[in-house]
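Colleague: kindly return the folded structure for what I paste below:
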Amino acid sequence: MNATTEHDYARLQEMPDEPYERQLAQGFAQLRFEPVLEAEYRAAFAQEQRRPALIFGGVALTIWAGFAGFDLVRLDVLNKGVPTADLWVLLCSRWAALFAIAAFYVSPLRARARLEPAAFTIYSLMALVAAMNAMIYKTHGIPAAESALVIVVMAPFLPIGMTFYRSLAASFVPVVVAALAGAILMQGSTIRGLPGMIFVLTLAIPVGAIGGYMRELAHRRQFLLTAMLSRQAQFDPLTNLANRRLFQRHAEAAIAHAAHHDETVVLAMLDIDHFKRFNDRCGHAAGDQALRRVADAIASVARRPMDMATRLGGEEFALLLHGSDMRSATPVLEALRAQISALVVPLGTPPLTISIGATSPVGKEGLSEVYERADRLLYAAKSSGRDRLATDMLMQATG
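Modeller: Coordinates of the predicted model:
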């Protein structure tokens, strides 16, 4: 090999060159990926968590409605009315939160809202009202389940649509509100129990956070592993091009789309000339390097969103150019052929060259018909001397 030793080649093969593998190797103890991967993870997280968050939110809303009704019974509002301003605050805040959250659930805004900010806002509103109401009940000596605030503090770490750090921030809301409301409202003997209660609530934060942290750590790892498996199922590991399965699905859709919208598309089959001879002379490591360099050159041509380059197997490749006809694709493919011929190869070996067969669909032809014709043109290019491009236009001109 001319520039890379066998040892260097083996080391390069062991280095993770995919973003998911690289992130897995680097670790993510701080629950943070590289920026591009982080954005991808958060999008997947939001999509996955939306349904569980709606279910948990619906259950919480039902329980909240039960507490709102129980407030009226507990305070005996129908017989005694509402004697003090703080009890008015209690009732109004409870019912206002109930109607606001219910209105959000039934409005079109729910489907358009970003999940994590919406979940944080709804939870914070409920936590604020729950903590304040518990303190108001306590100042009136009314038995209140302030111990239930422990559940409220730990609730953000359930799958309600928030990532760990947002959940951690949210869990402080009921603790801070309870401390402030208790300090303002409580007097005399009632305030003496406040520090102990705040201590218990504060202690609930790390208890819930440990579970939340471990769950997200496992979820992020699963995300990376799933993405790696998905990529391995769709891309060639050596060249990083689409594999035959992915290319076939994409090409079928692109050709059908082009036929339906009266657009043009070109399918090119490419094969490295005398590659077995190159492999036998230079070794498989050099052959793999050559395949990657040829693949990079082919991929550089697939610039538009619906273009696609693939390794079909061995030294055979395919290229789909969407929005191109044979007249515009011919100089591009000729330039690609010249670019590959100019690649640097080990001393004493012939230059790498490729043969290309390219065609466009006719009428309502599907992928199989177009593929078969491109394959025949590739065979014609090889039969006529290799290192050349054969197209329908050229064959007609020479025929």
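Colleague: using the three-state scheme, assign the closest residue in space to residue 378 that isn't next to it in sequence.
Modeller: In space, not counting the residues next to it along the chain, residue 378 is nearest to residue 357; the distance is 3.1 Å by C-beta to C-beta, 6 or more residues apart in numbering. Where you see a C-beta, it was placed from the backbone N, CA and C, and this is true even at glycine. Following DSSP: H, G, I helix; E, B strand; the rest coil, we place residue 357 in the strand state.
Colleague: any idea how far residue 357 is from residue 194?
Modeller: 82 Å (C-beta to C-beta, to the nearest Å).
Colleague: settle it for me: which of those two has more neighbours?
Modeller: Per other C-beta atoms under 10 Å, whichever of residue 357 and residue 194 has more neighbours is residue 357, with 26 against 18.
Colleague: can you name the residues that contact the residue nearest to residue 378?
Modeller: Residues near residue 357 by C-beta atoms under 8 Å, 6 or more residues apart in numbering: 268-269, 374-381, 389-391.
Colleague: among these, which ones are buried?
Modeller: When burial is judged by neighbour count using 16 or more other C-beta atoms under 10 Å, the buried members of the contacts of residue 357 are 268, 269, 374, 375, 377, 378, 380, 381, 389, 390, 391.
Colleague: go ahead and confirm the first one touches residue 358.
Modeller: In other words, residue 268. Yes. Between residue 268 and residue 358 a contact is recorded at 3.9 Å, counting by C-beta atoms under 8 Å.
Colleague: common neighbours of these two, please.
Modeller: Shared contacts of residue 268 and residue 358 (C-beta under 8 Å, 6+ apart): 329, 333, 374.
Colleague: quick check, pLDDT for the last one.
Modeller: Going back to what we said before, that points to residue 374. pLDDT recorded at residue 374 is 95.
Colleague: and it, its phi and psi?
Modeller: The phi and psi values for residue 374, taken as degrees, to the nearest 10, are phi -60, psi -40.
Colleague: show me the protein divided up by domain.
Modeller: Per the record, the chain has its domains at 14-233, 244-398, by automatic domain parsing.
Colleague: excluding chain neighbours, what is closest to residue 356?
Modeller: Nearest residue to residue 356 in three dimensions, chain neighbours excluded: residue 389, at 4.5 Å (C-beta to C-beta, 6+ apart).
Colleague: tell me who's in contact with that neighbour.
Modeller: Contacts were defined as C-beta under 8 Å, 6+ apart; by that measure residue 389 touches 330, 333, 334, 337, 355, 356, 357, 358, 381.
Colleague: now do the same for residue 363: helix, strand or coil?
Modeller: Reduced to three states by three-state DSSP, residue 363 is coil.
Colleague: tell me how far it lies from residue 151.
Modeller: To residue 151, residue 363 is 66 Å away according to C-beta to C-beta.
Colleague: strands of this protein, start to end?
Modeller: Per DSSP state E, the chain carries strands over the ranges 265-272, 308-313, 316-322, 354-359, 389-391.
Colleague: so which of those strands is nearest residue 233?
Modeller: Nearest to residue 233 among the strands of the chain is strand 308-313 (13.9 Å), distances taken as C-beta to C-beta.
Colleague: I'd like the distance between the nearest residue to residue 205 once chain neighbours are set aside and residue 30.
Modeller: Excluding the flanking residues, the one nearest residue 205 by C-beta to C-beta, 6+ apart is residue 171, at 5.0 Å. Separation of residue 171 from residue 30 (C-beta to C-beta) stands at 18 Å.
Colleague: check which residues of stretch 101-112 are buried.
Modeller: Neighbour counts over stretch 101-112 (16+ other C-beta under 10 Å) mark 101, 104 as buried.
Colleague: quote the end-to-end distance of that stretch.
Modeller: Stretch 101-112 stretches 15 Å from its first residue to its last (C-alpha to C-alpha, to the nearest Å).
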